[in-house]
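K.L.:
Got a sequence here, can you model it:
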Amino acid sequence: MDWTMKLATAALFLGLTMVVTRDEDEGDMCLYEALSDTDAVLCKGLEVFYPELGNIGCMFVPDCNNYRQKITHWAEPIVKFPRALEGTDIKKGKLQGQELSPYQPPSPPAQTGFHRYQFFVYLQEGKNISLHSKENKTRASWKMDKFLNRFHLSEPEASTQFMTQNYQDSPNYQTPGTGSSEPRDKPK
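P.N.:
All right, here's what the predicted structure looks like:
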């Protein structure tokens, strides 16, 4: 492979792993960082669109423009499955079926690091699927593997995830009223 092909391949790889945008009003650089290879294993064909952010499937929610705070108040995202059969609603982000539990925006507690928010599509094949009352209390009150075994569900048809942390744990978070525009934990 000649050097121009190597350079083009490297540029393509870099373009697939991160996207940088600039906020025109503030002059901020906004880095959209892809998940690590270990976490990206779960990224199989789903796209997750939030307002202002676009598709954040297989990404970290960026630490700019208050996105990590805004996402805690936004309505449910549009989830698309582009590989779905042509003409199906899920291909366009219009999901149909029984909602097992209402949408809750990401809300990781402060000082707990990054949290994964995962989306799965399973082929139900006409099965009636529901959560037990104990499972329906909170997102963290049930075990995915037990749920899948109970309904004889195997591998998902598609899946993805994104990661975020509490906005107050972000290095650029400014406590209201401090008056400083310098980021906390500024790199040396």
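
K.L.:
who's in contact with Ser154?
P.N.:
With contact set as C-beta atoms under 8 Å, 6 or more residues apart in numbering, Ser154 has these partners: Leu148. (Glycine included, C-beta is placed from N, CA and C.)

K.L.:
how close does it get to Pro108?
P.N.:
Separation of Ser154 from Pro108 (C-beta to C-beta, to the nearest Å): 30 Å.

K.L.:
Look at the nearest residue to Asn136 once chain neighbours are set aside and say how many residues are nearby.
P.N.:
Leaving aside its chain neighbours, Asn136 sits nearest to Ser101 (5.9 Å; criterion: C-beta to C-beta, 6 or more residues apart in numbering). Burial of Ser101 is recorded as 12 neighbouring residues (other C-beta atoms under 10 Å).

K.L.:
Hmm, Ser101 is touching Ile129, no?
P.N.:
No - using C-beta atoms under 8 Å as the test, Ser101 is too far from Ile129 to be in contact (11.5 Å).

K.L.:
Give me the residue ranges of this protein where confidence is low.
P.N.:
By pLDDT under 70, the weakly predicted segments of the chain are 1-28, 85-98, 139-140, 174-188.
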